[in-house]
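Chemist: quick one: sequence plus predicted model below, questions after.
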Amino acid sequence: MIACTLIDASATERLGEVVARLLEPGDVVLLVGDLGAGKTTLVRGVVRGLGGTDKVTSPTFTLRHEYATTPALTHVDCWRLAEPDELDDLGLEEVIADGGALVIEWGEFADFRFGEAALHLSLSDAAGGESRLARLDLSPAGWSRRSERLLVALGRAGLVAEVDESASP
């Protein structure tokens, strides 16, 4: 587990850019956090980090946004889904099969489908709401091999991170 304090929206976007540099085709990032925690702000950074120039908004009502990035990024919001079966209607398996990457807001809803291989990234309030705490669970094998690169990239982005082996997401 890597923990990183995000002092403002700019820091959240920089974290997204760092994650983007580590994304590979077929990757899934499950975002968890309360309303207003910064999930869409983080995705804005991911899109920019993957070379995208599109305006990033939450897909709360459309459920899915696609961005012309490399790899192609699909941004999903599960907040309005009532049943896990509804994920099947979003064509997410096809995104992965086609070499795209997924970032899923309210990722706990999709954990049963993608959790074993996904990067779990949670955002929560810290310092009485003055900042955010990002926790990145790199335990899946595909992500654990990237942990050193992640720590170096966080430092280069001006983000202070620490490894916490005892924490759970």
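Modeler: That came through, no problem.
Chemist: part of a strand, is residue 5?
Modeler: Yes - remark: residue 5 belongs to a strand, assigned using DSSP: H, G, I helix; E, B strand; the rest coil.
Chemist: ok, what's across the strand from it?
Modeler: Going by DSSP bridges, residue 5 is paired in beta bridges with residue 133.
Chemist: check contacts around it.
Modeler: By Cβ atoms under 8 Å, 6 or more residues apart in numbering, residue 5 lies in contact with 11, 126-127, 131-134, 159-160. C-betas here are computed from N, CA, C, even on glycine.
Chemist: need the contact list for residue 21.
Modeler: Here residue 21 is in contact with 49, 153 (criterion: Cβ under 8 Å, 6+ apart).
Chemist: next one: residue 9
Modeler: The contact partners of residue 9, taken as Cβ under 8 Å, 6+ apart, are 38, 41.
Chemist: what separates it from residue 127, distance-wise?
Modeler: Computed as Cβ to Cβ, to the nearest Å, the residue 9 to residue 127 distance reads 15 Å.
Chemist: next, give phi and psi for the spatially most central residue of the chain.
Modeler: Centroid-nearest residue in the chain: residue 29, 4.3 Å away (criterion: Cα atoms, centre = their mean). Main-chain torsions, residue 29, degrees, to the nearest 10: phi -120, psi 120.
Chemist: okay, and the beta partners of it?
Modeler: Assessed by DSSP bridges, residue 29 has beta-bridge partners residue 103, residue 119.
Chemist: what's the nearest residue to residue 136 if we skip its chain neighbours?
Modeler: residue 2 (4.6 Å; Cβ to Cβ, 6 or more residues apart in numbering).
Chemist: so the one you found sits against residue 159, correct?
Modeler: No - with contact defined as Cβ atoms under 8 Å, residue 2 and residue 159 do not form a contacting pair (10.2 Å).
Chemist: where does this protein dip in pLDDT?
Modeler: Counting by pLDDT under 70, the low-confidence segments of the chain come to 166-169.
Chemist: flag every buried residue along the longest helix seen in the chain.
Modeler: In the chain, ranked by residue count with DSSP state H as the criterion, the top helix is helix 9-22. Residues of helix 9-22 classed as buried by neighbour count (16 or more other Cβ atoms under 10 Å): 11-20, 22.
Chemist: gap between the nearest residue to residue 163 once chain neighbours are set aside and residue 105?
Modeler: Nearest non-adjacent residue to residue 163, counting by Cβ to Cβ, 6+ apart: residue 2, 5.8 Å away. To residue 105, residue 2 is 20 Å away according to Cβ to Cβ.
Chemist: which one of these two is surrounded by more residues?
Modeler: Taking neighbours as other Cβ atoms under 10 Å, residue 2 and residue 105 compare with residue 105 leading, 24 against 18.
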